[in-house]
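> Sharing a model prediction with you, sequence too.
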Amino acid sequence: MDFASLPHRFGERDAIGDLRTTEEGLAAEQGSERGWRIAGRVLGRRGQGGVTFIDLEDVSGRVQLLVDLARMGEVDYEHVCTVSIGDLVGVAGTAFRTKRGELSLRVTEWTFLAPCRLPFPDRHHGLQDVEVRHRQRYLDLMTDPDVRERFIARARMISSIRRSLDEAQFVEVETPVLQPLYGGAAARPFTTHHNTLDRDLYLRVATELYLKRLVVGGFEKVYELGKDFRNEGVSPKHNPEFTMLEFYEAYADCEDVMTRTEQIVAAAAIAVCGTTKVRVKEQEIDFAGPWQRMTLGEAIEQKTGINPLTLGRDPQPLEAYLKSQGVDTMRDKTWAQLVDHMLSYYVEPTLIAPTFLVDYPVELSPLSRRKPGHDGLVERFEAFCGGMEISNGFSELNDPDDQRARFEEQAAMGRAGDQEAHPVDEDYVTALEYGLPPTGGVGLGIDRLAMLLTGQDTIREVVLFPAMRN
């Protein structure tokens, strides 16, 4: 095949979906006078004598082509007869409905655009090998229209989220992906080296600290939709590269941004599903607010009979309980880590309907503002749905002295071997010295929300090119 001889474009084309919608009213054996110009991939070919039928599909739909020898001539018809499944072609013609009622296009012009040189996957059975589906997503997309629709739904979800924030006068910004100091989350970063600057840099684990610097600078409503990177394990709900929404609202608190989170997610559900009611793990849930809520301590107590927040900060009772239940605590070095383990092990998998957990211990929340009148607690929430966390937010800590002290505590944990401990960010503390207004902030996991709204059990089904082993 001489690729240099193939057309460089096939412009001014129509969508097959538009053809089907416009010509839907044609009766059997009735034709249309309107001309159509479409292009797509050949997915089927059959014929007899001087007539060939071809199934052609683009992203908007599929239509049957009718190509006959008398109309096309011998030379062009011979080219049609050599087309293979998977080839890309462009055609022009008029619509008609066959005697059997099949809406079709009677072809008057035929243009070969690109060959499929490898065996085309079996469209009827689809790709059975999950590894191939994820490694060669292009094959998955071309053989399963439902997969294409899933990622189109994800795009509609993201557009809805942007629309919700834009209409509320938030400003979308971009902050560095390569950072001299990672921060904003307890996570192990990816490290790289910049040759010219001769310094190590980190792929960001969160956008939080840069966005709050912008609030200090006068951006009162700000958000970013972007990639974060964490050098952690791969699981059905974890991918080392993932998409997050973070938004920050000055002069607001935890309660305010909880309400806004409900509104954003409900609008996204409507954009994808047409309703706020969605089936998740065989249960119909409703994303319309208000969502149910309970305190972190109450939630753990419901499942274990123990409220860790009423036992002081002694790790021994929690460790003893977990060990008595056969739970491995080898990685839990502190009281806070044991509390977090109890949350993820006993509570998180049971929260199917949208739920806010509130009142977190300060040890788990180095960037959250303390809750007045509640020693050791902060104004923080995590939102759960479908048995996993989808969002995290809080009233932002704006006391530079308290922030420095918490950074130092985290740094001590890092020196003790905690690879996910938050480092000290001196410049961020300096920014707080200039004054951060009362602020509410939220992080919302885009991939996990897409899983819920498209009915998927693993993050790999909503990430186009997930991380894979060699």
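Great, that's in hand.
> What are the boundaries of the helices in this protein?
With DSSP state H, the ranges of helices along the chain come out as 16-22, 69-72, 74-81, 130-135, 137-143, 145-167, 208-216, 254-273, 296-304, 315-324, 335-342, 400-415, 426-433, 446-454.
> helices or strands next to the third one in the packing?
Judged by 3 or more CB pairs under 8 Å, 6 or more residues apart in numbering; DSSP states H and E, helix 74-81 is in contact with strand 51-58, strand 61-68, strand 103-114. Where C-beta positions appear, they are placed from N, C-alpha and C, glycine not excepted.
> Which among those strands is found nearest to Thr82?
Closest approach to Thr82 among the helices and strands packed on helix 74-81 is made by strand 103-114 (9.0 Å; CB to CB).
> Next up, the contacts around Asn470.
Asn470 makes no contacts at all, as judged by CB atoms under 8 Å, 6 or more residues apart in numbering.
> ditto for Glu433
Contact partners of Glu433, counting by CB under 8 Å, 6+ apart, are Pro400.
> wait, which of the helices and strands packed on helix 74-81 is closest to Gly233?
Ranking the helices and strands packed on helix 74-81 by proximity to Gly233 (CB to CB) places strand 51-58 first, at 38.3 Å.
> circling back: now the helices and strands packed on helix 74-81 in TSV, with mean pLDDT and distance to Leu181?
Converted to TSV, the helices and strands packed on helix 74-81 look like this (pLDDT from 0 to 100; distance: least, CB to CB, whole Å):
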stretch	mean pLDDT	distance to Leu181
strand 51-58	96	47
strand 61-68	96	50
strand 103-114	96	48
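> Output the ones you listed as a markdown table; include the columns mean neighbour count.
Output for the helices and strands packed on helix 74-81, formatted as a markdown table (neighbours: other CB atoms under 10 Å):
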| stretch | mean neighbour count |
| --- | --- |
| strand 51-58 | 19 |
| strand 61-68 | 19 |
| strand 103-114 | 18 |
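> For those strands, give me TSV that also has distance to Asp447.
Formatted as TSV, the helices and strands packed on helix 74-81 follow (distance: least, CB to CB, whole Å):
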stretch	distance to Asp447
strand 51-58	27
strand 61-68	28
strand 103-114	32
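> Mind checking those for the one nearest to Asp427?
Proximity to Asp427 (CB to CB) singles out strand 51-58 among the helices and strands packed on helix 74-81, at 50.6 Å.
> Which neighbouring elements make contact with the closest one?
Where contact means 3+ CB pairs under 8 Å, 6+ apart, strand 51-58 is packed against helix 16-22, strand 31-48, strand 61-68, helix 74-81.
> Comparing those, which comes out most buried?
Of all these, strand 61-68 has the most neighbours on average by mean count of other CB atoms under 10 Å, namely a mean of 19.
> neighbouring contacts of it?
With contacts defined as CB under 8 Å, 6+ apart, strand 61-68 is touched by 15-17, 19-20, 38, 40, 43, 47, 50-57, 77, 80, 91, 93, 96, 98, 102-107, 110.
> Parallel or antiparallel, which strands does it pair with?
When pairing is defined by DSSP bridges, strand 61-68 lines up against strand 51-58 (antiparallel), strand 103-114 (parallel).
> got these as JSON lines, with distance to Gly445 columns?
As requested, these are arranged in JSON lines below (distance: least, CB to CB, whole Å):
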{"stretch": "strand 51-58", "distance to Gly445": "32"}
{"stretch": "strand 103-114", "distance to Gly445": "38"}
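> do you know which of those lies nearest Leu432?
Among those, strand 51-58 comes nearest to Leu432, with 53.2 Å by CB to CB.
> between that closest one and strand 31-48, how many degrees?
If you take axes from the mean of the first three to the mean of the last three CA atoms, to 10 degrees, strand 51-58 sits at 110 degrees to strand 31-48.
> closest to Thr295 out of the helices and strands packed on helix 74-81?
Closest approach to Thr295 among the helices and strands packed on helix 74-81 (CB to CB): strand 61-68, 50.5 Å.
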